[in-house]
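# need a 3D model of the sequence below.
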Amino acid sequence: MNIYAKKNLIRRRIEHNYLDFKTSLRGVSRGKLFEMAARIAAVTEAYEFLTGWHDWDEESELDFYLLFRDPLTIITDAWESRRNENACDVEAALMDLSHTTGSTVAEYPLIEGVEDDIEYIGSDE
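Next comes the predicted model:
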């Protein structure tokens, strides 16, 4: 798959992740939505950055995030963690994660069929 096809695939996957997130909010009470406001804002900001501003020019970054079913959640979680450390930068979180190893991303499900292709996720070596 060439880099342009990968860019389209990651954007479609992130759009699907965002739609799933919005769908999960249906039926949530107003009080609960208020409690979730920061998370809703973070997911929305990450989504807008990833689909509107980020160029996805590094193929290794694309390859990394295409391994996961829900890259939007992974990136949003990392960004929120950095926000709590006063580093509000989605792009920095994105880059940190795509160059990481170990338990940072081990809890996130991979797409089917890649488990044997990657050895570095889930290992701290």
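
# use CA for all of it now, contacts and neighbours both
Noted.

# and the nearest residue to residue 61 once chain neighbours are set aside, what does it touch?
Closest residue in space to residue 61, ignoring its immediate chain neighbours: residue 98 at 5.5 Å, by CA to CA, 6 or more residues apart in numbering. By CA atoms under 8 Å, 6 or more residues apart in numbering, the contact set of residue 98 is 60-61, 64-65.

# which one of the residues you listed sits closest to residue 36?
Closest approach between the contacts of residue 98 and residue 36, by CA to CA: residue 65, at 25.3 Å.

# what count of nearby residues applies to the closest one?
21 (other CA atoms under 10 Å).

# thinking again about what came up before, who wins on neighbours among the contacts of residue 98?
Of these, with other CA under 10 Å as the count, residue 65 tops at 21 neighbours.

# would you mind confirming that that residue makes contact with residue 71?
Yes. Under the criterion of CA atoms under 8 Å, residue 65 makes contact with residue 71 at 5.8 Å.

# hang on, the earlier thing: take the contacts of residue 98 and keep only those in strands.
Assignment to strands by DSSP state E places none of the contacts of residue 98 there.

# list just the nearest of these to residue 11.
Closest to residue 11, out of all of these and judged by CA to CA, is residue 65, at 10.6 Å.

# what pLDDT does that closest one get?
Predicted confidence (pLDDT) for residue 65: 95.

# if you count neighbours, what's buried in whichever strand or helix holds residue 15?
According to DSSP states H and E, residue 15 maps onto helix 3-24. Neighbour counts using 16 or more other CA atoms under 10 Å place 6-7, 10-11, 13-15, 17-18, 21 of helix 3-24 among the buried residues.

# and the contacts of residue 98, which of them are in helices?
Those of the contacts of residue 98 mapping onto helices are 60-61, 64-65, per DSSP state H.
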